[in-house]
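**Q** based on what follows, work out the 3D shape:
(one chain, ligands or ions: 1)
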Amino acid sequence: MAEADPGIGAGAAGDATRVTAVIVGAGMSGLLAGIRLKQDGIDDFVILERSDSVGGTWYDNQYPGASCDVPSHLYSYSFAPNPKWTRAFARQPEILAYFRDVADRFGLNPHIRFGTEVAGATFDEGAGEWAVAAADGRRWRARILIVGAGQLNRPWSPDIEGKESFRGVQFHSARWRHDVDLTGKRVASIGNGASAVQYIPEIAPQAEKLSIFQRSSNWIIPRPDEEITPKQHALFERLPIVRKLLRLMIYSINESRWGAFKKAGSWASRRLEKMARDHLNAQVADPKLRELLTPDYPIGCKRVLITDDYYPAVCRPNVEIVTDPIARITPDGIETASGRRVALDVIVWGTGFATAGFLVPIDLVGRGGRRLHDVWANGAEAYRGVTVSGFPNMFVLYGPNTNLGHNSIIFMSERQMDYVMPLVREILTRDLAVLDVKPEAQAAYNRDLQAKLASTVWAANCGSWYKHDGKITNNWSSSTITFWRQMRDVDLSAYERRPRQPSRVAA
Ligand code: NAP
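**A** Here you go, the predicted structure:
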């Protein structure tokens, strides 16, 4: 019988650096994990980050107009407020600066190994350790593995015939070419999703002509953005209660929208749709254009976009929406299915990210040589979004079914770490070799989760990155308050626990 391939992380313990924990990624989740470990007195950990900065998606996405569609007083860690946000919806440079400041303030920088791409990790059951390997050959061994690699980190664009033949410049929105001056150029945006609606208003005034290739339209609601004045900064600093109340108010307004996602056609859904229709009607006068911009699926099925600038940009005389499907890309531009040729200098791929294969670039090998990629081949699933049966002592942050359509992901990540830390303590204080969620607990959890998701708006008939072959793998099934309650209850009975030394048997 052929021996199982031991995985990239496997290797002699001798050439590895031993640490208590390895965290993968220095984005929002990885930084949070590092802070929580430190607060718990665990200081010997490393954060392995493939790029040369903290910030994750806020470092990758530097396209013009990049900003967060969750107000900044909520899109920040609860324990690290920033009273000085300059706008209600901060722009990417300010958000990136925030994460850099947090990394600094909480003493994380000495733990971070920049330029370190994790190739794989293999669980060594005898030692109760994860053997982690970087692509450049460096190795670590750790009792705990925390994976904060994100869901939206692999830019993706479709393989369209002739793509490589294009003689102009082409790039993905998450790899923006700031060296390419778009002034006076004929530009195409393939895609009109969450990223595109942010860069289109910025580039439309520069381009001679901007053609937006739209496959489906999106529901868009207003973005109440405004400058936050120095007077308000002073108030937030002097009276933190005001800032806290503002955060609570933003959270509550977002949370009140959950009803619209829970069930298509519900009262809350109709109310949200009316808000979107009123926004469209107020900003677009031309009935033909309005029709092109009105989606044919229930609001919330794809991500609801939040912007005041997109419709005015689309109404500009130098901007057109092309709904005729793309047939091929030619050396000079794009040819549509009806034979129209659009001459172009630049193509921007606003086509999103490869999202179905969670953690795909990392070769994770668990008990008995089982690979996470194989286990998740038909759609990722985890227990409470963070633990995966057969992959002991490993915690995934922003993992399967933890994404939202209506509120802040930072809130969700903090709740995940509330759940992870007692389990980390259990492993270390009881000297466990294995803390592994029982397969039956994971199966029961996912049966219940999928039953709830089946009646949400995401199950409706629209294409979105929330689904993998029809199974909703990315989104949480309920309100964030329900998630909070679930994650406060740390149920050790759902876990198999095996000590490293049999004499110190865990209860
Ligand atoms: P996206 O929302 O998934 O949009 C991708 C776009 O590309 C869609 O318009 C899609 O059309 C189009 N597309 C895909 N394949 C195509 C093809 N073969 N031909 C033509 N068009 C094609 O991607 P994104 O804009 O990068 O955003 C991804 C996620 O990132 C968002 O959902 C959100 O969670 C996050 N994000 C957040 C913010 C924020 O402010 N917080 C900002 C940006 C991004 P269809 O709709 O027809 O599939």
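**Q** so which elements touch the helix or strand hosting Tyr311?
**A** Here Tyr311, judged by DSSP states H and E, is contained in helix 310-314. With contacts taken as 3 or more CB pairs under 8 Å, 6 or more residues apart in numbering; DSSP states H and E, helix 310-314 sits against helix 196-203, helix 267-283. Any C-beta I mention is one placed from the backbone N, CA and C, and that applies to glycine too.
**Q** could I get the buried residue list for the first one?
**A** Neighbour-count burial for helix 196-203, counted by 16 or more other CB atoms under 10 Å, picks out 196-201, 203.
**Q** for the one residue in the stretch 251-400 of the chain that gets nearest to the ligand, give its distance to Arg215.
**A** Shortest the stretch 251-400 of the chain-to-the ligand distance, computed as CB to the nearest ligand atom: residue-wise this is Gly352, at 2.8 Å. Separation of Gly352 from Arg215 (CB to CB, to the nearest Å): 11 Å.
**Q** so what's the gap between the host helix or strand of Met487 and the chain middle?
**A** Assigned by DSSP H and E, Met487 belongs to helix 480-488. How far helix 480-488 lies from its chain's middle: 19 Å, per CA atoms, centre = their mean, to the nearest Å.
**Q** and for the residue in the stretch 151-300 of the chain positioned nearest to the ligand, the neighbour number?
**A** Nearest residue of the stretch 151-300 of the chain to the ligand (CB to the nearest ligand atom) works out as Gly193 at 2.1 Å. For Gly193, the count of nearby residues is 21 (other CB atoms under 10 Å).
**Q** same check on Ser256?
**A** Close neighbours of Ser256, defined as other CB under 10 Å, add up to 14.
**Q** for it, what are its contacts?
**A** Ala268 (CB atoms under 8 Å, 6 or more residues apart in numbering).
**Q** any buried residues in stretch 290-303, and which?
**A** 293, 295, 297-303.
**Q** what about it, distance to the chain center?
**A** The answer for stretch 290-303 is 22 Å, by CA atoms, centre = their mean.
**Q** dump that stretch to PDB, restricted to CA.
**A** The C-alpha trace of stretch 290-303 is given here as PDB (Å, rounded to 0.1, in the frame of the first residue of the first chain):
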ATOM      1  CA  ARG A 290     -33.200  52.700 -14.400                       C
ATOM      2  CA  GLU A 291     -34.400  49.500 -15.900                       C
ATOM      3  CA  LEU A 292     -30.900  48.400 -16.700                       C
ATOM      4  CA  LEU A 293     -29.900  49.100 -13.100                       C
ATOM      5  CA  THR A 294     -32.800  47.300 -11.500                       C
ATOM      6  CA  PRO A 295     -32.000  43.800 -10.300                       C
ATOM      7  CA  ASP A 296     -34.300  40.900 -11.000                       C
ATOM      8  CA  TYR A 297     -33.600  39.000  -7.800                       C
ATOM      9  CA  PRO A 298     -34.600  39.700  -4.200                       C
ATOM     10  CA  ILE A 299     -32.700  42.300  -2.300                       C
ATOM     11  CA  GLY A 300     -29.900  40.800  -0.200                       C
ATOM     12  CA  CYS A 301     -29.400  37.700  -2.300                       C
ATOM     13  CA  LYS A 302     -26.100  39.300  -3.500                       C
ATOM     14  CA  ARG A 303     -24.400  41.800  -1.300                       C
END
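**Q** so what's Asp469 scoring on pLDDT?
**A** In this model, Asp469 is scored at 86, pLDDT.
**Q** scratch that, Thr482 is what I was asking about
**A** With respect to pLDDT, Thr482 scores 97.
**Q** and the biggest helix by length in the chain with the ligand, contact?
**A** What stands out as the longest helix in the chain, according to DSSP state H, is helix 409-429. No. Using CB under 6 Å from any ligand atom, helix 409-429 stays clear of the ligand, coming no nearer than 8.3 Å.
**Q** list the neighbouring strands of the helix or strand following that helix plus their orientation.
**A** Next in sequence after helix 409-429, counting helices and strands by DSSP H and E, comes strand 432-437. Using DSSP bridges, strand 432-437 pairs in its sheet with strand 495-499 (antiparallel).
**Q** then the partner strand to PDB, C-alphas only?
**A** Provided in PDB are the C-alpha atoms of strand 495-499 (Å, rounded to 0.1, in the frame of the first residue of the first chain):
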ATOM      1  CA  TYR A 495     -14.700  17.800  21.800                       C
ATOM      2  CA  GLU A 496     -12.600  14.800  22.000                       C
ATOM      3  CA  ARG A 497      -9.700  15.600  24.400                       C
ATOM      4  CA  ARG A 498      -6.600  13.400  24.700                       C
ATOM      5  CA  PRO A 499      -3.700  14.400  26.900                       C
END
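**Q** buried residues, that strand. List them.
**A** For strand 495-499, a neighbour-count test (16+ other CB under 10 Å) marks 495, 497-499 as buried.
**Q** contacting residues around the one helix or strand in the chain whose mean pLDDT sits lowest?
**A** Here the helix or strand of the chain ranked lowest by mean pLDDT, DSSP states H and E is strand 467-468, holding a mean of 88. With contact meaning CB under 8 Å, 6+ apart, strand 467-468 is reached by 356, 378-380, 458, 473-474.
**Q** is the ligand within reach of that strand?
**A** No. Using CB under 6 Å from any ligand atom, strand 467-468 stays clear of the ligand, coming no nearer than 11.3 Å.
**Q** export the helices and strands packed on helix 310-314 to TSV and tack on mean pLDDT?
**A** As requested, these are arranged in TSV below (pLDDT from 0 to 100):
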stretch	mean pLDDT
helix 196-203	98
helix 267-283	97
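**Q** take those helices and write them to CSV, including distance to the ligand.
**A** Shown next, in CSV, are these (distance: least, CB to the nearest ligand atom, whole Å):
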stretch, distance to the ligand
helix 196-203, 6
helix 267-283, 15
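**Q** now those as TSV including distance to Tyr75?
**A** Output for the helices and strands packed on helix 310-314, formatted as TSV (distance: least, CB to CB, whole Å):
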stretch	distance to Tyr75
helix 196-203	15
helix 267-283	20
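**Q** of those, which is nearest Val360?
**A** Set against Val360 and scored by CB to CB, these come closest in helix 196-203, at 23.9 Å.
**Q** so what's the backbone phi/psi at Arg186?
**A** With angles defined as degrees, to the nearest 10, Arg186 sits at phi -90, psi 110.
**Q** is the helix or strand where Tyr251 lies anywhere near the ligand?
**A** Element membership for Tyr251 (DSSP H and E) is helix 240-255. No. If you take CB under 6 Å from any ligand atom as the test, helix 240-255 misses the ligand, and the best it gets is 12.1 Å.
**Q** show me how far that helix is from its chain's centre.
**A** Per CA atoms, centre = their mean, the centroid offset for helix 240-255 relative to its chain is 23 Å.
**Q** so the helix or strand just after that helix, near the ligand or not?
**A** Sequence order places helix 258-262 as the next helix or strand after helix 240-255, per DSSP H and E. No. Helix 258-262 is not in contact with the ligand by CB under 6 Å from any ligand atom; minimum separation 13.6 Å.
**Q** what about Ala13, distance to Gly7?
**A** 15 Å.
**Q** of the two, who's got more company?
**A** Using other CB under 10 Å as the criterion, Ala13 and Gly7 rank with Gly7 on top: 20 against 12.
**Q** correct me, but that one touches Asp363?
**A** Yes. Under the criterion of CB atoms under 8 Å, Gly7 makes contact with Asp363 at 5.8 Å.
**Q** find residues that contact each of those two.
**A** Counting by CB under 8 Å, 6+ apart, the residues touching both Gly7 and Asp363 are 120-121, 371.
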